[in-house]
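**Q** Here is my input; please provide its structure:
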Amino acid sequence: MARRYRDANGKIVKIELTLPEMAKSLGVDADQLEQWTDAIPPAGREGDQPYYAFTSVKELNTLKKRAKVLATGMTEKALANIEAEGLLDAYAALAEDCPKGITVHVWRSYGLVVLMQIRYGKMIDPTELAERAGLAKIDPKTGEAVPDVELAEKHLRLLQALGYLQIGEGDEWGGQWKHQGLPAAWANLA
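**A** Below you'll find the model as predicted:
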């Protein structure tokens, strides 16, 4: 059961939740939550059961955003990179309608492909996707970051294999990606 800690004035300063309670609050399975020890660490353990704590609504909302992103299959390391770049809110919004089976990072690539086509009538290729999406890798010869075209190709292959993108044919889609529309978080960008 949730425990509330109050200061001398009666204001709640910390809430502790059991693993099942925290999982329910974050909208994820307890098994998932228990694995995310870096991104959503337990505050402690009672016996063999972890418990979680937060001190503000803002902190709880940050944990909810992390859980949304992680639930798409993103790694904790990738999440840390997203947060370091200040993109947690954007990725959490994309995670809202991210289909099962792909990470929110791949869903972002889908959104960019569709946005470029809707807004500019342009069917982008893996090279342009890598450049525009900031998909980068370190060149072993120079030590500099360069567009990761192979990763962009992988994203496009996965999106095609799962049916989210198809190379269009006929009058309506000829020379364009056949798609299912923008992610909900980007719908106002078209």
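**Q** List the neighbours of whichever strand or helix holds E83 that are in contact with it.
**A** Per DSSP states H and E, E83 falls inside helix 76-84. For helix 76-84, contacts defined as C-beta atoms under 8 Å, 6 or more residues apart in numbering pick out W36, D38, A39, R66, V69, L70, M74, L88, Y91, T103, H105. (Glycine included, C-beta is placed from N, CA and C.)
**Q** Quick one: residues contacting the fifth one.
**A** Just to be clear, that refers to V69. V69 neighbours (C-beta under 8 Å, 6+ apart): L79, I82, L88, Y91, A92, A95, V104.
**Q** Which of the residues you listed fall within helices?
**A** Among the contacts of V69, the ones falling in helices (DSSP state H) are L79, I82, L88, Y91, A92, A95, V104.
**Q** Just the buried residues of the residues you listed.
**A** Buried subset of those (neighbour count, 16 or more other C-beta atoms under 10 Å): L79, I82, L88, Y91, A92, A95, V104.
**Q** quick revisit: need the ones in helices among the contacts of V69 in TSV with distance to H155 and pLDDT, can you?
**A** Converted to TSV, the ones in helices among the contacts of V69 look like this (distance: C-beta to C-beta, whole Å; pLDDT from 0 to 100):
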residue	distance to H155	pLDDT
L79	18	97
I82	16	95
L88	21	97
Y91	15	95
A92	20	96
A95	16	95
V104	12	95
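**Q** any chance of the residues you listed in JSON lines, with distance to G44 too?
**A** Output for the ones in helices among the contacts of V69, formatted as JSON lines (distance: C-beta to C-beta, whole Å):
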{"residue": "L79", "distance to G44": "22"}
{"residue": "I82", "distance to G44": "27"}
{"residue": "L88", "distance to G44": "25"}
{"residue": "Y91", "distance to G44": "29"}
{"residue": "A92", "distance to G44": "26"}
{"residue": "A95", "distance to G44": "28"}
{"residue": "V104", "distance to G44": "30"}
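**Q** Out of the residues you listed, which comes closest to I118?
**A** V104 (20.0 Å; C-beta to C-beta).
**Q** Distance of A84 relative to V104?
**A** Remark: distance between A84 and V104 (C-beta to C-beta, to the nearest Å) = 16 Å.
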